[in-house]
Structure formats: C-alpha cells, structure tokens
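Engineer: Provided below for reference: sequence and predicted model.
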Amino acid sequence: MARKRRPFEVFSMSFLDCMSCGFGAVILLFMIINAQVKQTTEDDPSNLMAETRKLEIEILDGRKDLVLAKNTVEQLDTERDTAEGKIAQIIALIQKLQAELAQYDDDTLAKVERVEQLESDIESLQEEVKRLLAMAAEQQADGNKLREFQGDGDRQYLTGLRLRGRHTLILVDRSASMLDDTIVNIIRRRNMSLKDKLAAVKWRQVVASVDWLTTQFEPGSAFQIYMFNNEAVPVIKGTEGVWLKADDATQINEAIRVLRLTPPEKGTNMKAAYEIAAQLSPRPDNIILFVDGLPTMDGPTADRSTVSGQERFNLHFRAIRELPSGIPVNVFLYPMEGDYDAPILYWQLAFQTSGAMISVSRDWP
C-alpha cells in the first residue's frame, strides 16, 4: 500500500528576513538614543557650572557656620563651668551666712535680756535726768572761754557734761568707721584718696566737736588729746605723757589742725586708749571720749578680719578694766549702722563713772 505524502505548507517569510528586521530595529533604537545624547551634549554647560559654584559656596558657608558653632559651643561650655564654680561659691557663702544668722539669733536673745535688766535702772534714773536738764542753764552760760567756736545755732545745749576738771583727757576715735554711718559707705570711702577721706562728713563732724569742746576749757587747766585706732598716739607728736596748758591757744589750734589732716583708718583698740589714762601723771580728773561703736580689737593687730557682736561686747568689758577708778567718763557717741549694743554699754559706762553720754545728732555742732 502506498504511503501518503505530507502536505506541503508554504511560508513566505524566511529566516533572513527575520534577522534583517531585528537588526533594523536595533539600528533604529541606537539612532534614537544617539540623537538624545547628542542633543544633551550640545546643551550649554555654563548653567551647570553656575549651579556647581553655588553649591560649592553654600558648602563653604556651611563649613564656616559649623566652625563658628563649634567655637560657640566651646565658649558656652567654658561659661557653664565658670557659672557652676560661682554657684558653688554662692552656696558656700549662703551656708556661712545662715550659720552666722543662727549665731546672731542667739546673741539677740542675750541682748534682750540685758536690755530688760537695764530698763529697771533707767526708770530709777529719771530723777537724775531731770536734774541734769535743770543744769542746761549753767551749760548755756558763756563763762570764761579761752577760744571761740564759730558756727550756726546754739552750741550750749549739751546737758550733764562738766569741764571743771584741772586735767582733761580727750580720746578721739580715728578708726575707719569714722568715715561714714553705714558699712557700705565705710568700705567705699576706705579705698578712696586721702582728700576724700578727710572730706568725710562724719569725720569733719568729729573734728568740729573736739574744736567746740576746747572752747569750754577753764583758764589755768590742763589738757591732752590722744587719737586712737589700732594704737593710741597724742595728736601733737612728742607730747606723750605730758599735760598741755589750756591757756596756750597755739597748742590747741595745732591739735585741731593735726586732727583735720589725719584720715580715719584701721580698727578700734579701746584698750590702748583707756591705758593712756593710767599712764598720765597726774591722772586725769575728766575723760572725754569721742567714739561711734564698740572696739574691734584689743591689740595693734587682729587675728581675724571680722568680729562678731558678742566678741565686740567682750572686748568692751576687757578694755574698761584698764580705766583708773574714780574718773568720770563722758561719751560723745556718733551714729553707726548695726552696732546696737554701743548706746547701752557706753551709757552704762558713763553712768557708773558719774559721767554723761551724749548721742550726737547729725547737724551738731
């Protein structure tokens, strides 16, 4: 039996045609891409360079800002460390002040008790005060004055002060506290020039008070003026232990002149001042004390820069032990901020020695 022949199919597209079409498509794709690359290449590159420079400038500015920021951070770190150190100092100072305040509270209680004890004595002295006020007429009398004091107003209103002694010792406090009434101004003036110290209102008032007092000396009497701070020296050099004649106006004028040219400075050594009364021969029969507060030391030098209220209280009582007995002590007390014990203790000293205490007003003499 004869085999059937497979039918013959005719396909018109040959393999070569397929290859040609594929190759043509590749060529067409290459031409399209090449045209785009050529167009991009032919664009003006100046715009891109400008953008590049702009970015470089921004990067440079950013680096500068970064360096400044680092320096600022370092400076802030330094300031923070300094501030932390100051804070630690302030905290330590606050703790110290709190401890001092606690001590002051204890001192205040003791002061209140002393004031209560003195109130009973004050009541018993009312009659004595009336008697002293009655003596104002005697003090207003001009008397036989050896010198004249020029000023405004009536200078004879002091009561209870007697200058009838034959030997009068005047003690003038020239410590730094005589520069002003407040602690802040005292510290400020202490660092000023000599001219500014001598121009201090309080010190000029003290010198004027001494000047007024010398006009009240009786003829034929004797006097001596000592000024003291950490040590006591005569106002007129070379007159240690010597009584001066009140009739000699030249010596009095020289003493006042020296006082005006002597600036207040250093601490207050009341012990050295009181020792003068025991060293003079004959001993004074009247002591006039110009002072504004309690002592701060009992020797030429002090171990510490600050003195508490209780320590000044103790220094006062140790100092008055040097006073010879039987001599009236008359106190001219000038205002001083914060020294609350001074008026009470100096009034007590004047009363116990049969003297007088005068609280000096700001416009006297």
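Structural biologist: In hand now; what should we look at?

Engineer: CA only for contacts and neighbour counts going forward, please
Structural biologist: OK.

Engineer: Name the helix or strand of the protein that has the lowest mean pLDDT.
Structural biologist: helix 136-140 (a mean of 54; mean pLDDT, DSSP states H and E).

Engineer: which is the next helix or strand following it?
Structural biologist: strand 167-173 (DSSP states H and E).

Engineer: could you point out which element follows that following strand?
Structural biologist: With elements assigned by DSSP H and E, the helix or strand that comes after strand 167-173 is helix 183-190.

Engineer: tell me which residues of that following helix are tucked away?
Structural biologist: 186, 189-190 (16 or more other Cα atoms under 10 Å).

Engineer: could you say what helices and strands the longest helix seen in the chain packs with?
Structural biologist: The longest helix of the chain (DSSP state H) is helix 46-124. Counting contacts by 3 or more Cα pairs under 8 Å, 6 or more residues apart in numbering; DSSP states H and E, helix 46-124 packs against helix 309-320.

Engineer: so how far is the helix it packs on off the chain centroid?
Structural biologist: With Cα atoms, centre = their mean, to the nearest Å as the basis, helix 309-320 stands 24 Å off its chain's centre.

Engineer: Could I get the buried residue list for it?
Structural biologist: Quick answer for helix 309-320 (16+ other Cα under 10 Å): 309-310, 312-313, 315-317, 319.

Engineer: do stretch 336-347 as well
Structural biologist: Counting neighbours by 16+ other Cα under 10 Å, one finds that the buried residues in stretch 336-347 are 336, 341-343, 345-347.

Engineer: for the record, mean pLDDT for it?
Structural biologist: Average pLDDT, stretch 336-347: 90.

Engineer: which residues are contacting that stretch?
Structural biologist: 111, 115, 177, 180-183, 292-294, 309, 313, 331, 333, 356-357, 359 (Cα atoms under 8 Å, 6 or more residues apart in numbering).

Engineer: Narrow the residues you listed to just the buried residues.
Structural biologist: Of these, these count as buried by 16+ other Cα under 10 Å: 177, 180-181, 292-294, 309, 313, 331, 333, 356-357.

Engineer: circling back to that earlier point, any chance of the buried residues of stretch 336-347 in a markdown table, plus secondary structure and distance to Arg166?
Structural biologist: Conversion of those to a markdown table gives the following (DSSP: H, G, I helix; E, B strand; the rest coil; distance: Cα to Cα, whole Å):
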| residue | secondary structure | distance to Arg166 |
| --- | --- | --- |
| Met336 | coil | 32 |
| Asp341 | helix | 32 |
| Ala342 | helix | 29 |
| Pro343 | helix | 28 |
| Leu345 | helix | 27 |
| Tyr346 | helix | 24 |
| Trp347 | helix | 24 |
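
Engineer: Good, wrapping up.
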